[in-house]
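Undergrad: Here's a sequence, model it:
(chains A and B)
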Amino acid sequence: GAGVSQSPSNKVTEKGKDVELRCDPISGHTALYWYRQSLGQGLEFLIYFQGNSAPDKSGLPSDRFSAERTGGSVSTLTIQRTQQEDSAVYLCASSLIRTAQETQYFGPGTRLLVL
Amino acid sequence: QKEVEQDPGPLSVPEGAIVSLNCTYSNSAFQYFMWYRQYSRKGPELLMYTYSSGNKEDGRFTAQVDKSSKYISLFIRDSQPSDSATYLCAMRRNDYKLSFGAGTTVTVRA
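TA: Modelled structure (predicted):
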């Protein structure tokens, strides 16, 4: 389809392991966003990309979290030394351009469970 | 205190009833207001988008914004079982960063 895709759909990992989550935005969308959705919580902004650069990383909860984007398209969110509190749904969104009026289209998310 | 407050429910209504959802916010800089619908194990999808105070109607959905009270609402008329989902309010200043409510889970009983 033409929507935002994310992989894997589900990820179960052991505490202390590293995980990589992938996002494929809608073709042609230059802006890409990562959010985290914990049980009973709203979506929490993590990081924003414009092209391959990340001008706003303010939402990353710790230095164990990092993200990159290559070719102005695919993005990877990496969590190192996972902790149980990292368990959540990680959502990616993309938009055509970065304006306040532009709609962000969300992917289905990756459900991460840290045991 | 959270920037955006939303009662998580759950809310259960019979088919055909009016569903009323609302959020309050504390940041007067918010200018754009949205409602997203999220089905189980899916990503949020945009339902309604408003900029100014007042009402906006789209089919069975009506969004209201009262900036003076920092209060937004979503009404769903003639609710259907297919409306069963989690509804998230979201808002932002004049930039890209969305602030979300916790979401209200709605079940419409056939």
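Undergrad: and the nearest residue to A:Gly107 once chain neighbours are set aside, what does it touch?
TA: In space, and not counting its chain neighbours, A:Gly107 is closest to A:Val4: 3.6 Å by C-beta to C-beta, 6 or more residues apart in numbering or on different chains. (Glycine included, C-beta is placed from N, CA and C.) Contact analysis of A:Val4 by C-beta atoms under 8 Å, 6 or more residues apart in numbering or on different chains lists A:23-26, A:92-94, A:105-107, B:43.
Undergrad: try A:Val89
TA: Going by C-beta under 8 Å, 6+ apart, A:Val89 touches A:36-38, A:109-112.
Undergrad: That one pairs with what?
TA: A:Gln37, A:Arg111 (DSSP bridges).
Undergrad: Could you do the one 5 residues further on as well?
TA: With beta bridges defined as DSSP bridges, A:Ser94 has these partners: A:Leu32, A:Tyr105.
Undergrad: hang on, it packs against A:Gly28?
TA: No - at 9.2 Å, A:Ser94 does not count as touching A:Gly28 under the criterion of C-beta atoms under 8 Å.
Undergrad: For the two, indicate the residue with more neighbours.
TA: A:Ser94 (26 against 9; other C-beta atoms under 10 Å in any protein chain shown).
Undergrad: now that one: how far from A:Ala54?
TA: Distance, A:Ser94 to A:Ala54, using C-beta to C-beta, to the nearest Å: 14 Å.
Undergrad: ok, so of the contacts of A:Val4, who is nearest B:Trp35?
TA: Closest approach between the contacts of A:Val4 and B:Trp35, by C-beta to C-beta: A:Phe106, at 13.7 Å.
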